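Peer 1: Requesting a structural model of the entry that follows:
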Amino acid sequence: SHQSPASYLTGVEPEDDSGTVLEKIMAANIKALRDTQSHLDRKSFDGAVELLSSAGKIHIYGIGTSAGLVGELQHRLMLLGMQVHGYTDAVAIRLSTMNLLPGDVAVGISHSGRTMSVVDALELSRQSGAATLCLTSYNTSPITRQSDLSLTVFCDETQYPIEASTARIAQTAVVDALVAAISARRFDTAITRSARVHDLLEELRYKRRDKK
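Peer 2: Residues are numbered from 1 along each chain as shown. All right, here's what the predicted structure looks like:
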């Protein structure tokens, strides 16, 4: 029989077999999603949707394990027709802040909220007049002090070493919700662009087949 998520708060142990590890990881991820669903600040989420929906340019910053989520958010906002650029290199991150203007938005993604190149980028973005938004796991971390709006996911620190991976699952879910909410605001455009994207990809597939 399956144990409840609450029984896994001690995290993975060296003596656990692979089946037990699977159960613990799944339970930890489910708990992180439920906790984030319960505690994520709705006003901040609504504000983030409004901010991104009305943005001129959007720059997304993240390094290391956050880099994948930078690419995910960039790709999905690009599909909605938004002017968005993702940066995962410390030098490019810093230089890109010079290209932001009032009306633009800088998004920083950092699990710890202490990735200094990302924190510094949000500070520089604010100096350029851009609005700032962060996605993190710690609502009192340095990145939140450079953010006009903060979206904080929730995962138990006692889950270590599971914590970082569960945070990424929760952050991905928040990104999914952000993109869905923005899509709903521009529903007709999103549907039209989705059909166009499908046609473009189908055209690419046919060209590849012709080359074979």
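Peer 1: For the chain, just list every one of the strands.
Peer 2: 57-61, 83-87, 105-110, 131-136, 149-152 (DSSP state E).
Peer 1: CA atoms of the third one as CSV?
Peer 2: What it means is strand 105-110. Extracted C-alpha coordinates of strand 105-110, given in CSV (Å, rounded to 0.1, in the frame of the first residue of the first chain):
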residue,chain,number,x,y,z
VAL,A,105,9.6,43.8,-17.9
ALA,A,106,12.6,41.9,-16.5
VAL,A,107,11.8,38.5,-15.1
GLY,A,108,14.4,36.8,-12.7
ILE,A,109,14.1,33.1,-12.0
SER,A,110,16.1,31.8,-9.0
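Peer 1: now that strand and strand 131-136, what's the angle there?
Peer 2: Inter-element angle recorded for strand 105-110 and strand 131-136: 20 degrees (by axes from the mean of the first three to the mean of the last three Cα atoms, to 10 degrees).
Peer 1: Parallel or antiparallel, list what pairs with strand 105-110.
Peer 2: strand 57-61 (parallel), strand 131-136 (parallel) (DSSP bridges).
Peer 1: average pLDDT across the first one?
Peer 2: Averaging pLDDT along strand 57-61 yields 98.
Peer 1: Can I get that strand as CSV, trimmed to CA atoms?
Peer 2: The C-alpha coordinates for strand 57-61 follow below in CSV (Å, rounded to 0.1, in the frame of the first residue of the first chain):
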residue,chain,number,x,y,z
LYS,A,57,9.9,43.8,-24.3
ILE,A,58,10.3,41.0,-21.8
HIS,A,59,13.8,39.8,-20.7
ILE,A,60,14.0,36.6,-18.7
TYR,A,61,17.1,35.9,-16.6
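Peer 1: For stretch 174-183, buried residues please.
Peer 2: Neighbour counts over stretch 174-183 (16 or more other Cβ atoms under 10 Å) mark 174, 175, 177, 178, 179, 181, 182, 183 as buried. Where C-beta positions appear, they are placed from N, C-alpha and C, glycine not excepted.
Peer 1: Just give me how far that stretch sits from the chain centre.
Peer 2: Put simply, stretch 174-183 sits 10 Å off its chain's centre (Cα atoms, centre = their mean, to the nearest Å).
Peer 1: Which residues does that stretch contact?
Peer 2: Applying Cβ atoms under 8 Å, 6 or more residues apart in numbering, the contact partners of stretch 174-183 are 36, 40, 45, 48-49, 52-53, 69, 72-73, 76-77, 80, 135, 151, 153, 190.
Peer 1: Now intersect the residues you listed with the helices, please.
Peer 2: Among the contacts of stretch 174-183, DSSP state H puts 36, 45, 48, 49, 52, 53, 69, 72, 73, 76, 77, 190 in helices.
Peer 1: Closest to residue 118 out of these?
Peer 2: Of all the ones in helices among the contacts of stretch 174-183, residue 69 has the smallest distance to residue 118: 11.9 Å, by Cβ to Cβ.
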